[in-house]
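K.L.:
need a structure here:
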Amino acid sequence: MIPWLMLIIFISVYEINNMNKKKLYKERTVFILFAILAVIMSYYYSKNPYGISISEFVLNLLGYDL
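P.N.:
Okay, here's the model as predicted:
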């Protein structure tokens, strides 16, 4: 979990700084939401690696049964 969290934070800080320089405020908000989603999914997967996969979880959310 810690390596994933560090990687997500490092990439997020780098990209948010670039977005601030270019004044991309709406894009920054969307990027932050995706970064939070990535942290949540990595936490979920690290707590239960042999359970449901992330792709299966997303397919279940979309209504597809495997």
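K.L.:
which other helices and strands does the helix-or-strand element of the chain with minimal mean pLDDT contact?
P.N.:
Between all helices and strands in the chain, the lowest mean by mean pLDDT, DSSP states H and E belongs to helix 54-61, at a mean of 83. Under the contact definition 3 or more CB pairs under 8 Å, 6 or more residues apart in numbering; DSSP states H and E, helix 54-61 sits against helix 25-47. Placement of C-beta: from N, CA and C, glycine included.
K.L.:
under the pLDDT cut-off, which ranges of the protein? List them.
P.N.:
Counting by pLDDT under 70, the chain contains low-confidence ranges at 1, 66.
K.L.:
nearest residue to the middle of it?
P.N.:
residue 38 (1.5 Å; CA atoms, centre = their mean).
K.L.:
how near is it to residue 21?
P.N.:
Distance of residue 38 to residue 21, computed by CB to CB, to the nearest Å: 23 Å.
K.L.:
name the SS class of the closest residue to the residue nearest to the centre of the chain other than its chain neighbours, please.
P.N.:
Nearest residue to residue 38 in three dimensions, chain neighbours excluded: residue 8, at 5.4 Å (CB to CB, 6 or more residues apart in numbering). Secondary structure for residue 8, judged by DSSP: H, G, I helix; E, B strand; the rest coil, is helix.
K.L.:
tally up the residues packed near residue 8, please.
P.N.:
When neighbours are defined as other CB atoms under 10 Å, residue 8 has 16 of them.
K.L.:
any idea how far residue 59 is from it?
P.N.:
For residue 8 relative to residue 59 (CB to CB), the value is 23 Å.
K.L.:
hang on, the earlier thing: centre of the chain versus the least confident helix or strand of the chain, how much separation?
P.N.:
Its chain's C-alpha centre and that of helix 54-61 lie 14 Å apart, by CA atoms, centre = their mean, to the nearest Å.
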